[in-house]
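[1] Kindly generate the corresponding structure for this input.
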Amino acid sequence: AIQTSNGHGQTYRGRALLVALHRESRPKSRATTMIIRRVLILLSVAGGGVESFGFSGTPTFGDRAKIRKRSITRSINGRDVPGLISRRVCRGAPSAECQRRSIHGGASALRSSPLASLHGSQSFVTTVLLAASSLGMALERKTQWGKALSANLVTMLASLVLANVGVIPFSSPVYSFVNKVLVSLAVPLFLFDSDLRRVVKDAGSLMVAFLVGAVSTIVGTLSAVALVDLSSLGENGWKVASALNARHIGGAINFVAVADTLGVDGSIVSAAIAADNVVVALYFTLLFYLAVAGEESKKGSSATDRNLVDLGSKNALDDEIEIPPEDDDGGENEVTATTIAYSLTTASMLVTLGSILTAALYPGLSDIVLTSMLTVVAATIYPRWFRDLRKSGVAIGVLFLQMFFAASGAGGSLLLVLRRAPSLVAFSLVQLAVHFACIMGIGRAVMRLDPNELYLASNANVGGPTTAAAMAQAKNWKKKILPALLVGVFGYATATTLSLAMGPILTRLVQR
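    Residues are numbered from 1 along each chain as shown. This next block holds a predicted model:
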């Protein structure tokens, strides 16, 4: 606790120090009065925390000025939380970091939330993240606007608002646990169905269209980096470009993997997801408008096709984060306590092996890259084991990914998200416009592929397997439902590594 003596044998501790200072020094200058009042406000909202200023004895006017200029750190329940940072302190810091610290610290210090004392409780923070995740999934399932926004965006916006009004902190060990542990487990859980032999065998000509779409996404990303100014994002500019490239080849799980690997700032993750979801919704509307319903064969789809499409048939504008239906058919893929235990154990083993190999072969590289490769190889060699765990893996992976979006939203500043969203909307618009032009130009004009297959492949690129399967079902393309799922899973398996490999090129383009 802070303490000092007034020179007359009296000792003051905590907030009593500045109360005594205010009474004894009797400042007559208005500026001095304002300084003391601001420091008193800081102490009053600390709510039982400890403020350490490093002064002993009765502070002079010069000491009080130093207090005002100094970055103040509050320690609540043993955890440091950034406090107010004056503009003079920020002048020497990088612009983006200074803004983040000032907004986060200022918002935290100036509001007096009755829940502030719970910010150090990991169980409380975990409860709020789980509640935000559940809210997103419930609204997606039960409301039209929730379906349009998607569960991940609703969850992220909910936690973003909760953090900015003081319900949960901007920084917590729980967020680190989600990013380091749960995201690592979510990646292999989503790849349990990535049997490459089955993909190559059953995807047919749709695989060719999907590969054209993947190349088109790369061209679109490079074009967007060259045309859109990302300087407002600082060093995160090329990282966001790489993450969005991964999302528009595979899906949201690839975006998460790349963003986590490259350490993208939480507020930028929030802004990128929000901006990209708006553009993707418009793009899907275009694809549905252009695609022609019906196909040559009107025979009903097989039972396998119907079972596989269940995960994606409810929301054409949603990403692949789709909540598994509650009315399961009770077959061998039923989600039970046993399959959940097997899924978590298998995923954990793959993550552990991936981290060991990464440390031995590629120190400094993210574990997620080799973990993804190992999962694809294992699912190809032992397809039956992983196929039986597919539904439970997706169910758990959905929750873990929802937790990631909740943690990302909680770590972001609402003001910074609003500031950065316009440039990210422009980036996604250019990226998808070039993607569409290339996939239609190369696929239709050069390779003479079926336009409906190109629309479906583009959907699988941009949205993932379940949105592509949903489109095939909505357009009555029954023979293409299973291939749409398979090429989407192939995107899961390859997008992360491919997008990370583009890092050096994107870095040079952003720095030009």
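
[2] Identify the single longest helix in the protein, thanks.
    Counting by DSSP state H, the longest helix found in the chain is helix 414-440.

[3] Can you name every helix or strand that the helix or strand V278 falls within contacts?
    Under the criterion of DSSP states H and E, V278 resides in helix 266-290. Judged by 3 or more C-beta pairs under 8 Å, 6 or more residues apart in numbering; DSSP states H and E, helix 266-290 is in contact with helix 151-164, helix 237-247, helix 252-262, helix 390-410, helix 414-440, helix 451-463, helix 465-474. For every residue, glycine as well, the C-beta is placed using N, CA and C.

[4] and for the second one, what are the contacting residues?
    Meaning helix 237-247. Helix 237-247 has contacts (C-beta atoms under 8 Å, 6 or more residues apart in numbering) with 217-218, 221, 224-225, 230-231, 233, 254-255, 257-259, 262-264, 268-269, 272, 276, 424, 427-428, 431, 462, 495-496, 498-500, 502-503, 506-507, 509-510.

[5] I only care about these that end up buried; give me the PyMOL line for that.
    Restricted to buried positions by 16 or more other C-beta atoms under 10 Å, the PyMOL selection for the contacts of helix 237-247 reads:
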select buried, resi 217+218+221+224+225+230+233+254+255+257+258+259+262+264+268+269+272+276+424+427+428+431+462+495+496+498+499+500+502+503+506+507+509+510
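
[6] which SS state does the closest residue to S172 other than its chain neighbours fall under?
    Among residues not flanking S172 along the chain, V125 sits closest, at 4.8 Å (C-beta to C-beta, 6 or more residues apart in numbering). Under DSSP: H, G, I helix; E, B strand; the rest coil, V125 falls in the helix class.

[7] Contact partners for V125?
    H119, I168, P169, S172, V174, Y175.

[8] Spell out the secondary structure type for the third one.
    Using three-state DSSP, the three-state assignment for P169 comes out as coil.

[9] how near is it to L227?
    Note on P169: its distance to L227, by C-beta to C-beta, to the nearest Å, is 38 Å.

[10] Do I have it right that G136 meets L160?
    No - counting by C-beta atoms under 8 Å, G136 stays clear of L160, with 11.9 Å between them.

[11] Please tell me which one of the contacts of V125 counts the most neighbours.
    Neighbour counts for the contacts of V125, by other C-beta atoms under 10 Å, peak at I168, which reaches 27 neighbours.

[12] how deep is L282 tucked in, by neighbour count?
    13.

[13] With I481 instead?
    Counted with other C-beta under 10 Å, I481 comes out at 26.

[14] and V45, what pLDDT?
    On pLDDT, V45 comes in at 44.

[15] what's the pLDDT at V269?
    Note on V269: pLDDT of 87.

[16] Can you tell me the closest non-neighbouring residue to it?
    S408 (4.3 Å).

[17] Phi and psi next, for M447.
    phi -100, psi -10 (degrees, to the nearest 10).

[18] now do T336
    Torsion angles, degrees, to the nearest 10, at T336: phi -130, psi 170.

[19] remind me which residues of the stretch 201-350 of the chain are low pLDDT?
    295-333 (pLDDT under 70).

[20] how about 80 then?
    By pLDDT under 80, the weakly predicted segments of the stretch 201-350 of the chain are 202, 204, 266, 293-333.

[21] so how far is L153 from the residue nearest to S172?
    V125 is 21 Å from L153, by C-beta to C-beta.

[22] T375 too?
    Using C-beta to C-beta, one gets 27 Å for the distance from T375 to L153.

[23] is it fair to say P363 lies in a strand?
    No - according to three-state DSSP, P363 belongs to no strand; its state is coil.

[24] where does the residue nearest to V269 land on pLDDT?
    Listed pLDDT for S408 reads 81.

[25] what's the burial count for it?
    Neighbours of S408 (other C-beta under 10 Å): 29.

[26] show me the contacts for it.
    M156, S159, G266, V269, S270, I273.

[27] Adding distance to D388, write these out as a markdown table.
    Output for the contacts of S408, formatted as a markdown table (distance: C-beta to C-beta, whole Å):
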| residue | distance to D388 |
| --- | --- |
| M156 | 32 |
| S159 | 34 |
| G266 | 36 |
| V269 | 33 |
| S270 | 36 |
| I273 | 32 |
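
[28] Against L189, how distant is D388?
    With C-beta to C-beta as the criterion, D388 and L189 are 14 Å apart.

[29] higher neighbour count, these two?
    Taking other C-beta under 10 Å, D388 and L189 do not tie; L189 has more neighbours (27 against 18).

[30] check which helix or strand covers the more buried one.
    helix 183-190.

[31] Which elements pack onto that helix?
    So helix 183-190, by 3+ C-beta pairs under 8 Å, 6+ apart, packs with helix 252-262, helix 337-361, helix 367-381, helix 390-410.

[32] closest one to D195 among the ones you listed?
    Among these, helix 367-381 comes nearest to D195, with 5.3 Å by C-beta to C-beta.

[33] buried set for the closest one?
    Buried, per 16+ other C-beta under 10 Å, within helix 367-381: 367-376, 378-380.

[34] got it, and stretch 338-353?
    Buried residues in stretch 338-353 (16+ other C-beta under 10 Å): T339, Y342, S343, L344, T346, A347, L350, V351, L353.

[35] Return the residues in contact with the second one.
    Counting by C-beta under 8 Å, 6+ apart, Y342 makes contact with L389, S392.

[36] what do you get if the cut-off is 6 Å, keeping everything else the same?
    L389 (C-beta atoms under 6 Å, 6 or more residues apart in numbering).

[37] cool, and D276?
    Here D276 is in contact with S428 (C-beta under 6 Å, 6+ apart).

[38] Could you report the distance from it to A257?
    For D276, the distance to A257 - C-beta to C-beta - is 16 Å.

[39] Could you do L115 as well?
    From L115 across to A257, the span is 32 Å (C-beta to C-beta).

[40] As TSV, the buried residues of stretch 338-353 with distance to S242 would be great.
    Putting the buried residues of stretch 338-353 into TSV (distance: C-beta to C-beta, whole Å) gives the following:
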residue	distance to S242
T339	34
Y342	33
S343	29
L344	29
T346	28
A347	24
L350	23
V351	22
L353	25
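
[41] quick one, phi/psi of the closest residue to L115 other than its chain neighbours?
    Excluding the flanking residues, the one nearest L115 by C-beta to C-beta, 6+ apart is V167, at 5.5 Å. Recorded main-chain torsions at V167 are phi -70, psi -40, according to degrees, to the nearest 10.

[42] What is the burial count for V167?
    Neighbour number of V167 under other C-beta under 10 Å is 19.

[43] pretty sure it is touching A116, no?
    No - when contacts are counted by C-beta atoms under 6 Å, V167 is not listed as touching A116 (9.4 Å).

[44] The helix holding L189 versus helix 252-262: what angle between them?
    For helix 183-190 against helix 252-262, the angle by axes from the mean of the first three to the mean of the last three C-alpha atoms, to 10 degrees is 150 degrees.
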